[in-house]
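>>> Whatever this is, show me its structure:
(2 chains)
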Amino acid sequence: MAALQESLGIGVDGNGRRARRGPRRPGGVRGAFGILFAPVTLLIVLFLAPFLIMVQMSVVRFPPRTDSGYTLTHYVDVLTNPLNPGIAWTTFTIASTAMIVMLLVALPLAYFMVFKAGKWELFLLLGLVLADELAPVVKVYAWQVILGRNGIVNWLIPGPPVEWLLYSSFAVILTLSTTYITYTTIPIYAAMKAIEPATFEAATDLGAGWWPQARKILIPLAAPGIFVAMILVYIPMLTDFVTSDIVGGTGSYMMGQRVRDLILGEGNWGTGSALNFLLLAMSVLLSLAAYRLARLNRIES
Amino acid sequence: MSAPTQDAGGRAGEILVEGVTKRFGEVTAVDDISITIPGGEFFSMLGPSGCGKTTTLRMIAGFEAPDAGRIVLQGNDVTHVPPAKRNVNMVFQAYGLFPHMTVGENVAFGPKIKKWSRQDTRERVAEAIRTVRLDGFEDRRPGQLSGGQQQRVALARALVNRPAALLLDEPLGALDLKLRKEMQLELKDLQQRTGTTFVYVTHDQEEAMTMSDRIAVMNGGVVEQLATPRELYQRPASAFVAGFIGTSNLIELRVDRLDAGLLAMEVGQGQRILAIAPGNAGSGHTAVGAGGGPRTGETVTITVRPEWIKLATGEVGDRTCHVGGTVIDVVYLGSVTQLIVVLPTGERLTVHRLNDEVGAEDPRPGQQVMLHWAAEHSYVVGSETGAIEPAGATSS
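Alright, predicted model coming up:
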């Protein structure tokens, strides 16, 4: 906390000094530095430093003792542990299914908001933002109430309670999908906002029905937004552990939980850090791949 | 689907708009319009924004359904046929090009949707691109083209389908003046080369005059007059048309005398303004209103073009308007000099004096001048007993 206050203090100080110096050419190098100083400092202190500590923990022999010599055994552990491929596969399938579900909802929703909603557009947008403003843990617990053995859904449907609704991969996918729907929809919405409505009328005029229009025009033109949504959403889902903890079951044990259990449960800093680093590296690779694909689809101007 | 131009029994490209009405909530955008557009015509709908021209075009295209009346295309009633199933294509003001596709892919979009053979598609796409003179641009994307080139892509993309009619919704609206003038001539040329019916919507009277075979001047959801550019200019059927097409003088005229088919207003000292009485114009450009034409003592509105008014001292014939006034403003416009002259009755007339002689002197403000023009050049465009019915609204 002291570090945070210090970094903020420096930022404010810098601003104050500049203001006293009178008018300043906007966009100057010093101006950019002044504006970015506080956030960059924050980023370094809160993100880069812990990251470097984690990398260090993953390569020292007996973490957290940094003087115990360096080794790669933790990485070997991660890669050779017979449990990990299964967990990785579960994580991948759950995150991917949730991603697909969200895209299937977000694409029509964004299209509707941009081209059909009219005066309701802003209302829907605010609704999406508000849905995201709720504390994530509260949302997850809400699903527990809805999906539980004595929950709302089982109360509504007749017959014996359906067991697989809660503490299952289904529950995790459903909960993840609702948690991240805002971050999936907004970038796609933004990309679609740039599409000239006459484009669709022209396609209609040329004889294209809704499916050719969606496949040949809407999705290619919304692609940059789709990729941004995937980067924003897929990576947090890969590392999520709260959702699976609360509504997941034994069959939905995910990588995020594994890291948490290794470090906080077993106190195994080395293997936990190594696994975490590998997850991060994979995320970066995924982002780069998505970025590349998005560039391929980018409209040249 | 591979033969887009079916036999239409001599009605190829013909469009009938019959008693079509379109309301948007409380607003009647198009009010019982009937238009016949023969095949191969360059037809324009001209009017200010909100006059119903674009709505009419969109109803022909199928993007809007009329509340009443029908649209007949090449003899087939298409009133309730969706846009894709009508043999017409539209060119939009915003172009609506597919920005992620090349020029070639844009043009090939229609043929691919219609599943023409690969061979057919390739040939026709190449032909369409040649027609709009975009050879060599096939692999560019719309974003790499200028506005004029983008508009040509839109034209090629529509023309490749060999539509019975091409519908153009202010297609040059986004271009600068110079390019617009070039494209106007090019569009006219394109229309003549392809023989396709063009239905063109614009609010720019000069643009409509430049290109069209016939023009429907629209206002408030109705057709004020439907005629050739020449007729519209020389024989405007209403004050609105007179004012919308070119510059025009509108004069309130109290009928003092009615003889030999001429309405006369005496201004005094042998000065008078004459106008052809409605129904006596020879070509029947105006039909007589319900009251059977203006009577003595009634006030009518007449119009006369600025260039038809002469500053002259010559002989005053029986059929010559002859009125004095004071010059209050002189503006040199190059080919003409524009004078504003105030008549003793308080009317202001705009007069265009052709500058066809080097060194000719223009009158100065404050100077008294005599204005002359032939009675044939004043047309009645409105009267107290009711608006003069435009005869051209339903064309033959």
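>>> near chain A at all, stretch B:128-143?
Yes - contact between stretch B:128-143 and chain A is present through B:141, B:143 (criterion: CB under 8 Å from any CB of the partner chain). Heads up, the C-betas are built off the backbone N, CA and C, glycines and all.
>>> Residue ranges in the chain under the pLDDT threshold?
All of this refers to chain A. For chain A, the stretches flagged by pLDDT under 70 are A:1-30, A:294-301.
>>> meant chain B, my bad for not saying
Residue ranges of chain B with pLDDT under 70: B:1-10, B:279-293, B:313-316, B:384-396.
>>> Report the separation between whatever residue of it ends up closest to chain A and B:D169.
Minimum separation of chain B from chain A (CB to the nearest CB) falls at B:G96, amounting to 3.3 Å. Between B:G96 and B:D169 the computed distance is 10 Å (CB to CB, to the nearest Å).
>>> still on that earlier bit, please work out how many residues are found near the residue of chain B closest to chain A.
The local packing of B:G96 (other CB atoms under 10 Å in any protein chain shown) involves 23 other residues.
>>> I figured it hits A:E201, correct?
Yes - if you go by CB atoms under 8 Å, B:G96 and A:E201 touch, sitting 6.0 Å apart.
>>> A:A281: what secondary structure?
Put simply, A:A281 is helix when judged by DSSP: H, G, I helix; E, B strand; the rest coil.
>>> Tell me, how many residues neighbour it?
Neighbour count of A:A281, defined by other CB under 10 Å: 10.
>>> Then B:A264?
20.
>>> mind checking which helix or strand it is in?
Under the criterion of DSSP states H and E, B:A264 resides in strand B:262-268.
>>> So what touches that strand?
By CB atoms under 8 Å, 6 or more residues apart in numbering or on different chains, the residues outside strand B:262-268 that reach it are B:253-258, B:272-277, B:280, B:294, B:300, B:302, B:319, B:323, B:343-345, B:375, B:380.
>>> Over to stretch A:123-138?
Applying CB under 8 Å, 6+ apart, the set of residues contacting stretch A:123-138 from outside is A:109, A:112-113, A:117, A:178-179, A:181-183, A:185-186, A:189, A:242, A:246.
>>> Then stretch A:59-79?
Applying CB under 8 Å, 6+ apart, the external contacts of stretch A:59-79 come out as A:56-58, A:84, A:269-271, A:273-275, A:278.
>>> got the end-to-end distance for that stretch?
Using CA to CA, to the nearest Å, the end-to-end distance of stretch A:59-79 comes out at 14 Å.
>>> Going by neighbour count, list what's buried in that stretch.
Buried residues in stretch A:59-79, defined by neighbour count with 16 or more other CB atoms under 10 Å in any protein chain shown: A:59-60, A:63, A:74-75, A:77-78.
>>> Same check on stretch A:110-125?
A:110-111, A:113-114, A:121, A:124-125.
>>> Switch these over to JSON lines; also include secondary structure.
JSON lines is the format used below for the buried residues of stretch A:110-125 (three-state DSSP):
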{"residue": "A:A110", "secondary structure": "helix"}
{"residue": "A:Y111", "secondary structure": "helix"}
{"residue": "A:M113", "secondary structure": "helix"}
{"residue": "A:V114", "secondary structure": "helix"}
{"residue": "A:E121", "secondary structure": "helix"}
{"residue": "A:L124", "secondary structure": "helix"}
{"residue": "A:L125", "secondary structure": "helix"}
